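Student: below: sequence and its predicted model.
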Amino acid sequence: MKSHEGLRGLCCLWVLLFHCVEFTSKRTLIHLNGSVAMTVFFLLSGFSLGAVHGPKENIDKLKFYRKRFLRTYPVHFITTFACLGLIFTDFGWFPGNPWAYVTPFQWATQVFLNFSLINQWVMCVTNLHYYALNGPSWFLSVLWFQYIVFPFTLPLLKRVKERISWILCLYVIQATLSSFIYLTTRWFHVATMNIITPAFFIFHIGVLLGLWMHDLVTEEKETITSNNEKSSDKTAKMWAPVTDATTFVYFFLLISCTIIDSRGYKCKADFWFQIFGVPMPALIIVSLTLDRGKSIFARLCLSKALKGVSRIGMSVYLVQEPLIRYTCVFLQKISPKAFEKSFPEESVTMPGGNMPFWGIFIVMPLALVIGAALEHYVARPCLETEKYSSRLLCGRKEMEKL
């Protein structure tokens, strides 16, 4: 699964650039459809967990939840806490005095839901004006729900024999439900950012793919001979062009949709790709697993640069929007004329105005640097603490046995 690390890194850079452009005046001209990458992230998360935990007889739920918590929550807490200061600037979410729009009780509720990472779980039943204090954390809230149910759904999925049929079934269900929600509400965020559709189904499609690929690789290792090794090389060479062709078509279509949007024709590519385009990234993930790094795209994904970005990807993802908004606060002080507020209403992303386009060249490198720092000084030490405590616990159990 080494190629998957680079794929995560590539999607991280894609989402970072997408968010940077979305906060500038060019958002109506350059729409990079970054929300489509969420499909890839959900598939990869399910795939890796299915491949790693599938062979195990049982999952230590407490240990699993503790590791997931320490991997994601500390950085989430820091970035969400940082966003609270934006309430008192022109680059928060409400113009003027925010208390005129939201009551103190609503603010307290919203802060509690955000810090506890359950804001997206109740997004359809609460009357809050904004669901995520740190915009990108919506994904983490939805992913946390998948983490919670995973130890309970995995034993059921391991019993599935007709995996392809189940994958197709889950795909049809999520496409139908998401389309129904979108057609009835006309709200893209409600249709695609809730905990069930499409995340629950896409995540578990990834789990089934991970179980399937693990079984294939295990069977190959058990029957390995010189002839089978040659056969495996042929299989890898056969899948390499599939990886390159599928990747080319997928990104060609996305780039084409960006060009069409820039011409003024709204094709809603983010919705169509996120809901109905699941088979293509699923095929890319499978073919990257089977081509043994022989495809051109796999070699790109195996590069040190993309794998390095992948390691800090979660921190970069969570820090990008607070950094964009605070960069605007700083730039407004030194160059207030750079913030144009006379655009059509749908193109203005913040009360203080859109970030100057050249601000992208400030935010992107800063996001990578600060993300790397958060990963090195916050996320990684927390995980090391968990490993150390696990070793102590194992040591105590061994002593008790003796």
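Tutor: Received the coordinates, thanks. Residues are numbered from 1 along each chain as shown.

Student: pLDDT score assigned to residue 284?
Tutor: We have a pLDDT of 97 for residue 284.

Student: same question, the one 3 residues further on
Tutor: The predicted structure scores residue 287 at 95 on the pLDDT scale.

Student: and what of residue 220?
Tutor: Reported pLDDT for residue 220: 71.

Student: for the helix or strand where residue 110 lies, C-alpha coordinates in CSV please.
Tutor: Using DSSP states H and E, residue 110 sits within helix 104-115. In CSV, the C-alpha atoms belonging to helix 104-115 read as follows (Å, rounded to 0.1, in the frame of the first residue of the first chain):
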residue,chain,number,x,y,z
PRO,A,104,-24.9,32.9,23.5
PHE,A,105,-26.6,29.5,24.0
GLN,A,106,-26.2,28.7,20.3
TRP,A,107,-22.5,29.7,20.4
ALA,A,108,-22.0,27.5,23.5
THR,A,109,-23.7,24.6,21.8
GLN,A,110,-21.8,25.1,18.6
VAL,A,111,-18.4,25.2,20.4
PHE,A,112,-19.3,22.1,22.4
LEU,A,113,-20.3,20.2,19.2
ASN,A,114,-17.1,21.2,17.4
PHE,A,115,-14.7,20.4,20.2
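
Student: buried residues, that helix. List them.
Tutor: Using 16 or more other CB atoms under 10 Å as the test for burial, helix 104-115 gives 106-107, 109-110, 113-115. No exception for glycine: its C-beta is placed from N, CA and C like everyone else's.

Student: okay, the residues you listed in TSV with pLDDT next?
Tutor: Listed next are those as TSV, based on pLDDT from 0 to 100:
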residue	pLDDT
106	78
107	80
109	84
110	84
113	89
114	91
115	93
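
Student: possible to save these as TSV with distance to residue 31?
Tutor: Formatted as TSV, the buried residues of helix 104-115 follow (distance: CB to CB, whole Å):
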residue	distance to residue 31
106	31
107	32
109	33
110	28
113	29
114	27
115	31
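
Student: of those residues, closest to residue 336?
Tutor: residue 107 (28.3 Å; CB to CB).

Student: what's the following helix or strand after the helix holding residue 110?
Tutor: With elements assigned by DSSP H and E, the helix or strand that comes after helix 104-115 is helix 137-158.

Student: buried residues, that following helix. List them.
Tutor: Buried, per 16+ other CB under 10 Å, within helix 137-158: 137-147, 150-151, 154, 157-158.

Student: how about low-confidence regions in the stretch 151-300 of the chain?
Tutor: Residue ranges of the stretch 151-300 of the chain with pLDDT under 70: 221-232.

Student: export stretch 175-194 as PDB, just CAs?
Tutor: Once non-C-alpha atoms are left out, stretch 175-194 reads as follows in PDB (Å, rounded to 0.1, in the frame of the first residue of the first chain):
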ATOM      1  CA  ALA A 175     -26.000   7.300  -4.900                       C
ATOM      2  CA  THR A 176     -29.700   6.900  -4.500                       C
ATOM      3  CA  LEU A 177     -29.900   8.400  -1.000                       C
ATOM      4  CA  SER A 178     -27.500  11.300  -1.800                       C
ATOM      5  CA  SER A 179     -29.400  12.200  -4.900                       C
ATOM      6  CA  PHE A 180     -32.700  12.100  -3.100                       C
ATOM      7  CA  ILE A 181     -31.400  14.400  -0.300                       C
ATOM      8  CA  TYR A 182     -29.900  16.800  -2.900                       C
ATOM      9  CA  LEU A 183     -33.000  16.900  -5.000                       C
ATOM     10  CA  THR A 184     -35.300  17.500  -2.000                       C
ATOM     11  CA  THR A 185     -33.100  20.100  -0.200                       C
ATOM     12  CA  ARG A 186     -31.100  21.600  -3.100                       C
ATOM     13  CA  TRP A 187     -28.200  21.800  -0.600                       C
ATOM     14  CA  PHE A 188     -25.000  20.200  -1.600                       C
ATOM     15  CA  HIS A 189     -23.500  20.300   1.900                       C
ATOM     16  CA  VAL A 190     -26.400  18.400   3.500                       C
ATOM     17  CA  ALA A 191     -26.400  15.800   0.800                       C
ATOM     18  CA  THR A 192     -22.600  15.100   0.900                       C
ATOM     19  CA  MET A 193     -21.400  16.100   4.400                       C
ATOM     20  CA  ASN A 194     -23.600  14.000   6.700                       C
END
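
Student: that'll do, ta.
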